[in-house]
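A.B. asks: Here is a sequence together with a model predicted from it:
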Amino acid sequence: MRRTAYTVIGIVILAVMLFPVYWMVNASLQPSGNTLTAGFLPLHPTFTGYKRALDEQGGNLVTSMIIAAGTVVLSLAIATPCAYALSQFRSRWVSIGLLAILISQMIPGIVIANALYTAYERIGLLNSIPGLIVANCSSGIPFAILILRSFMMSLPPSLVEAARVDGAGLFRAFVAIVLPISKNSLITAGLFSFLFSWSDFLFALTLTTKGGVRPVTLGIYQYLGTQVQNWNAVMATAVLSAIPAIVLLVVAQKYIAAGAIGGAVK
């Protein structure tokens with residue numbers, strides 16, 4: 001009886017949490033108009049909203065994809081060797097470095113955005129994809145370091161030592177031994193870096209002052225002011241922007257679980 005009650009409560013909570021997602025999909029299939037007057041079911045679905053969304057926001061989706069992919073590559077390229085070094089060193093300075101990484105995660109994003117705006121204005125990175133990639137890495141790199149270091153600390157030192165005995169240098173041992181074994185944690189760190197970048201709004205709003213570079217989050221924000229009578233296009237854009245994140249989470253969920261707890265058991 002108690003188990004049944006828990007199941008019912010869980011289903012109700014899940015339904016409440018998923019209802020906004022359902023309503024977003026439902027509204028995207030409705031004819032143009034106010035979402036408050038839309039039916040509970042799309043009895044006469046139309047895909048005009050998706051067509052309009054792709055025509056007007058397709059470029060922004062591509063921009064967001066490029067920025068997110070660049071963030072993943074740069075974050076992992078910097079965080080992976082840093083995490084391995086922090087996992088191998090045995091010094092009190094390592095704890096200080098980890099504390100600094102944690103503190104960097106606590107800095108409000110608007111503080112970082114304002115500082116980057118001043119710097120970007122001087123070096124010409126405003127309204128640029130590289131500028132947004134670097135900005136998003138400020139969230140991706142610290143998190144990736146913490147995830148990767150936790151896993152790499154559980155790696156047996158004998159693996160790298162055996163490679164060194166066979167004649168491999170430090171870099172070759174790192175690339176040939178450490179990286180393949182750390183696949184789960186690399187996928188986990190890369191996925192979260194992608195999500196940080198894909199959902200970013202603050203950096204996009206602060207560091208782009210022109211319409212040349214516009215991620216989809218900023219596109220939806222500006223879309224709201226011009227499409228108040230065409231909510232199906234707005235909701236269709238939201239659905240399209242959610243698809244990459246959903247697909248990646250579904251495909252990589254087993255790697256996420258393994259990578260997140262990989263360093264918990266030694």
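C.D. replies: Cool, got the structure. Residues are numbered from 1 along each chain as shown.
A.B. asks: what mean pLDDT does the helix or strand hosting Leu102 have?
C.D. replies: Following DSSP states H and E, one finds Leu102 within helix 92-106. Regarding helix 92-106, the rounded mean pLDDT is 84.
A.B. asks: Need the contact partners of it.
C.D. replies: Leu86, Ser138, Ser139, Pro142, Phe143, Ile145, Leu146, Arg149 (Cβ atoms under 8 Å, 6 or more residues apart in numbering). (C-beta placed from N, C-alpha, C; glycine too.)
A.B. asks: In the protein, mark out all the helices, start to finish.
C.D. replies: Ranges of helices in the chain, per DSSP state H, are 2-28, 48-88, 92-106, 109-123, 129-152, 157-165, 170-173, 179-181, 183-198, 202-207, 216-226, 231-251, 253-261.
A.B. asks: Out of those, the one nearest Phe40 is which?
C.D. replies: Across the helices of the chain, Phe40 has its closest neighbour in helix 2-28 (7.4 Å, Cβ to Cβ).
A.B. asks: Can you give me the buried ones in that closest one?
C.D. replies: Met24, Asn26, Ala27, Ser28 (16 or more other Cβ atoms under 10 Å).
A.B. asks: What count of nearby residues applies to the closest residue to Asp200 other than its chain neighbours?
C.D. replies: Nearest residue to Asp200, sequence neighbours excluded (Cβ to Cβ, 6 or more residues apart in numbering): Asn136, at 5.6 Å. Asn136 is flanked by 27 other residues according to other Cβ atoms under 10 Å.
A.B. asks: May I have the residues that are in contact with Asn136?
C.D. replies: Going by Cβ under 8 Å, 6+ apart, Asn136 touches Ile67, Ala68, Thr71, Ser193, Phe196, Ser197, Asp200, Phe203.
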